[in-house]
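>>> Generate a structure from the sequence data that follows.
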Amino acid sequence: MKKNKRVKLSSSRLKKIFLDAGADDVGFVEIGRTALKDFKEAVLELFPDTKTLVSIVIKVILLGLLLITTTTVGYYVQSDKKSDVKQAKTYSTETANMLAMPDQERQKVFDNTASFRWSYTNAEEAGKNLPFQFKMPSESLTGKPTAFYVTKNDKYSDRLLLVHYANGVNGITLSAILDPAQPDFADHVNKLKAEINSGINHADKLPSLIDIDGISAFAIETGYNNIEGDKVPRSGVFEWWKDGVTYSLLGTRGPEGTSLDQLIAIAKSLNNSKKVILPGIIMSPSELNSKKVIEPKNNEPQVDMEKGKQGKTEYEE
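Below is the predicted model:
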């Protein structure tokens, strides 16, 4: 039987398809299929002009944006000159992204997705519900973590670790996800450069490749996104791969935010850390390579979070 050909669709191409079909404007929200029903009210609250929600099953590379939320629709706050009241103004994924979202609005989106995450007080507790081992950076560079989260993905291999420091979602943020194969960060950089140079993405600085421990990593400095004439502060991002895990660091926003040099220093301290947080979910080598896993019955987590006991892991050889 002939396999279906995989087609790569950019968000700009998807937007054009909908506009050609008669839509007035288009925004994109990337969420898990099972979460669409529960998340619908939050989407409509944030974007009240939404007329139709369309579920499209696609694979999305978010270049470090997964660590905040599953939404890829961006918006920023515009001041009303008559009343000087700040109002949320929506814009498409093509012109900006979550990195340029104001602190208050970013916090609102994060709070609205709380039901899709487990929360923990330390790294060891979070590790019990993850299928990969991970390291933590030096607290002398980041400060002490304030919260740990793990996303409630049905597949263990898709679960994302999220670590907050001072100022929570608007402070320095670390994420980690299982990635057996080293990502092609050069391709990520080239695609984002093309979007910026063509005017699709209005970031004031181009991304770059940075060598860390002999492996290329994705980097973009903190700065601004130019959105409809406004300079909206943007976070810097450093994303790298180490021992089968892709890590992402997001800094504080704007030109006075966390510098790229600071993000790189934090990343190197993580790589050089001697302490390893072990996983509570064990996957076979074949599962690690394919990122496929057999779920427990009733899709329950493998760790009983109330009793704190690790569940039994089952897999096919």
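
>>> hang on, residue 183 is in a strand, isn't it?
No: Residue 183 sits outside any strand when classified using DSSP: H, G, I helix; E, B strand; the rest coil, being coil.

>>> From what I see, it and residue 241 are in contact.
Yes: assessed by CB atoms under 8 Å, residue 183 is found in contact with residue 241 at 5.8 Å. The way it works is simple: take the backbone N, C-alpha and C, and place the C-beta from them, glycine included.

>>> which residues does the residue nearest to residue 135 when sequence neighbours are not counted contact?
Nearest non-adjacent residue to residue 135, counting by CB to CB, 6 or more residues apart in numbering: residue 273, 4.5 Å away. Counting by CB atoms under 8 Å, 6 or more residues apart in numbering, residue 273 touches 135-138.

>>> Go ahead and report the secondary structure state at residue 144.
Assignment for residue 144 (three-state DSSP): coil.

>>> That one contacts residue 165, correct?
Yes: in this structure, residue 144 is within contact of residue 165 by CB under 8 Å, at 7.4 Å.

>>> thinking again about what came up before, show me the contacts of residue 273 that map onto strands.
Among the contacts of residue 273, DSSP state E puts none in strands.

>>> Going through those, which ones are buried?
Buried subset of the contacts of residue 273 (neighbour count, 16 or more other CB atoms under 10 Å): 135-137.

>>> on that earlier part again, okay if I get the contacts of residue 273 as TSV plus distance to residue 122 and pLDDT?
Shown next, in TSV, are those (distance: CB to CB, whole Å; pLDDT from 0 to 100):
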residue	distance to residue 122	pLDDT
135	14	97
136	10	98
137	15	97
138	16	97
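
>>> Between these, which sits nearest residue 193?
residue 137 (27.7 Å; CB to CB).

>>> Enumerate every residue touching that closest one.
174, 266-267, 269-270, 273.

>>> Those into JSON lines, with extra columns for secondary structure, distance to residue 230 and pLDDT?
Shown next, in JSON lines, are the contacts of residue 137 (DSSP: H, G, I helix; E, B strand; the rest coil; distance: CB to CB, whole Å; pLDDT from 0 to 100):
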{"residue": "174", "secondary structure": "strand", "distance to residue 230": "29", "pLDDT": "95"}
{"residue": "266", "secondary structure": "helix", "distance to residue 230": "30", "pLDDT": "97"}
{"residue": "267", "secondary structure": "helix", "distance to residue 230": "31", "pLDDT": "97"}
{"residue": "269", "secondary structure": "helix", "distance to residue 230": "35", "pLDDT": "97"}
{"residue": "270", "secondary structure": "helix", "distance to residue 230": "35", "pLDDT": "97"}
{"residue": "273", "secondary structure": "coil", "distance to residue 230": "40", "pLDDT": "96"}
